[in-house]
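S.K.: Give me the fold of what follows.
(one chain, ligands or ions: 1)
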Amino acid sequence: MSERWILHADMDAFYASIEQRDHPELRGRPVIVGATSARGVVAAASYEARAFGVRSAMPGFRARELCPEAAFVQSDMEKYARVSAQVHAVFAELTPEIEPVALDEAFLDITGSVGLFGGPLALARRLKRRVREETALTISVGVGPTKQVAKIACTLGKPDGLLLVPREAVRWMLDPLPVRRIWGVGPVLGDKLARFGIRTIAELRAFDPRTLERELGERAHELLALARGDDPRPVVSDRDPKSYGEESTFERDVIDREQISAALTAHSETVARRVRHDGFRGRVVTLKVKLATRRGQREPRLAGEDAEPIYPLLTRQKTLREPTDDGALIRRTVLELWDQLGLTEPVRLLGVSLSGMESRDREQLELFAPRRPPDRLGPALDAIHERFGRGAIHRAVDDPGKITPGMRKKRGE
Ligand SMILES: [Mg+2]
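M.R.: Below you'll find the model as predicted:
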């Protein structure tokens, strides 16, 4: 698999910049959005206002003390949401793998599209240019091999920044930074680390791991990995499914292992087929079992309603080392989970599900062209092929937007 590229994009002083754009008299002046009433808080501060120490979420009276000459502007969330949608549309020109973080901030997995746009740097430049064209606003961009690196690079470059950190430069960037820059290191943990003399990420990485583990438990490993620049968290796009599952209730309660095995096999195969069809893999296998012997009943909530019997529901999960779309592996895993349960009583329902989804080979994702709506050609082609046979129609290959991964392979790309 090719190198992973994650991009973090974040609009600069988003609300305040929009107000400065729309009110030329505010440009170059300290602008504070929100906090127009006595008890309000600062929603956003322009860079001119930040120079006075004004920050988001600061009480309005404090912002007025720090920067009495600022222009205080009422926030207009509807307008900001409209601009946010424009920015999101630009992201979607570049990759379908978008994880929104806030109205003005998102992670993009660009691994599958860097080839189409001339490399990660060219893609990032294009993103900045397109956002400026569409919104007349600036956005900062960080690019790196992991989410954390991309996010830090974005912050370091602000405002109007563009910082790309290749894997070999990750430590060079991280080392001098305060440990507080690491994901999840808040004031409490930061103080604790400071007591060990750990102030920078380099100092954290050099610290004795056993001592750290004694002090912080499991957490220590996670921190050390982040300090090394390792961060396996994927970009979770809003279009990714959360899980795939199949279950069935038996007509007659079942205890026979052969019957159980047959049901679990069928469910595993169906789940795997659906997951493969949609181009995903999953890491977490879950077995769901409902016992046939009722344990009490739920009291009726309404007069005349029957009491609802309660059948105990058991679930068991296993996280695989690698994400899978293999029915045989899912089957082995659920059978293992079933045997571990050691049940000696009949069951009435069995379910198998797969979650922790990732796109299969992100670089093999179907290519897409800028400003193209989701591909509706695929199903139509399938239908034509079914009716007239293969070879009846082919996609045009001169438009990169229509080249399928299969065609790319054939063309040796
Ligand atoms: Mg921002």
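
S.K.: separation between the residue nearest the centre of the chain and G112?
M.R.: The central residue of the chain, meaning the one whose C-alpha is nearest the mean C-alpha position (CA atoms, centre = their mean), is V236 at 2.4 Å. V236 sits 15 Å away from G112, going by CB to CB, to the nearest Å. Just so you know, the C-beta spots here come from the backbone N, C-alpha and C atoms, and that holds for glycine as well.

S.K.: ok so, going back, contact partners for the residue nearest to the centre of the chain?
M.R.: E99 (CB atoms under 8 Å, 6 or more residues apart in numbering).

S.K.: which secondary structure element contains it?
M.R.: With secondary structure defined by DSSP states H and E, V236 is part of neither a helix nor a strand.

S.K.: now swap in R316 and tell me
M.R.: Applying DSSP H and E as the criterion places R316 in strand 313-324.

S.K.: hmm, who's touching that strand?
M.R.: Residues lying outside strand 313-324 but in contact with it, judged by CB under 8 Å, 6+ apart, are 272, 281-291, 329-330, 333, 336-337, 340-341, 354, 356-358.

S.K.: The one residue in the stretch 151-300 of the chain that gets nearest to the ion: neighbour count?
M.R.: Of the stretch 151-300 of the chain, the residue with the smallest distance to the ion, taken as CB to the ion, is K158 at 8.3 Å. Burial of K158, expressed as a neighbour count using other CB atoms under 10 Å, amounts to 17.

S.K.: List the contacts of the residue lying closest to it once chain neighbours are set aside.
M.R.: In space, not counting the residues next to it along the chain, K158 is nearest to S140; the distance is 4.6 Å by CB to CB, 6 or more residues apart in numbering. Residues counted as contacts of S140 (CB under 8 Å, 6+ apart) are A9, D10, M11, D12, C154, T155, G157, K158, P159, D160, G161, L162.

S.K.: Please tell me how far S140 sits from T155.
M.R.: As for S140, its distance to T155 is 8 Å (criterion: CB to CB).

S.K.: The helix or strand containing H221 packs against which elements?
M.R.: Counting by DSSP H and E, the element that carries H221 is helix 219-228. Counting by 3 or more CB pairs under 8 Å, 6 or more residues apart in numbering; DSSP states H and E, the packing neighbours recorded for helix 219-228 are helix 201-206, helix 209-216.

S.K.: hey, least reliable of the ones you listed by pLDDT?
M.R.: In terms of mean pLDDT, the lowest-scoring of the helices and strands packed on helix 219-228 is helix 209-216 (a mean of 92).

S.K.: Spell out which residues sit in contact with I255, please.
M.R.: Taking CB under 8 Å, 6+ apart as the contact definition, I255 lies against L343, T344, E345, P346, V347.

S.K.: Looks like G53 contacts L66 (just checking).
M.R.: Yes. Between G53 and L66 there is a contact at 5.0 Å, judged by CB atoms under 8 Å.

S.K.: quick one, which of those two is more surrounded?
M.R.: More neighbours surround L66 than the other of G53 and L66, with 18 against 13 (other CB under 10 Å).

S.K.: May I have the phi/psi pair for the more buried one?
M.R.: Reported as degrees, to the nearest 10, the phi and psi values for L66 are phi -70, psi -40.

S.K.: And it, how close does it get to the ion?
M.R.: As for L66, its distance to the ion is 20 Å (criterion: CB to the ion, to the nearest Å).

S.K.: Can you select the buried ones from the contacts of strand 313-324 in PyMOL?
M.R.: Selecting only the buried entries of the contacts of strand 313-324 in PyMOL, with 16 or more other CB atoms under 10 Å as the criterion:
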select buried, resi 272+281+282+283+284+285+286+287+288+289+290+291+330+333+337+354+356+357+358
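
S.K.: Take the contacts of strand 313-324 and keep only those in strands.
M.R.: When strands are assigned by DSSP state E, the members of these inside them are 281-291, 354, 356-358.

S.K.: Just flag the most distant two among the residues you listed.
M.R.: Across those, the two members that end up farthest from each other (CB to CB) are L291 and E358, 33.1 Å apart.

S.K.: Contact residues of the stretch 101-250 of the chain facing the ion?
M.R.: D104 (CB under 5 Å from the ion).

S.K.: And stretch 154-164, what's buried?
M.R.: By neighbour count on 16+ other CB under 10 Å, the buried set for stretch 154-164 is C154, T155, G157, K158, G161, L162, L163, L164.
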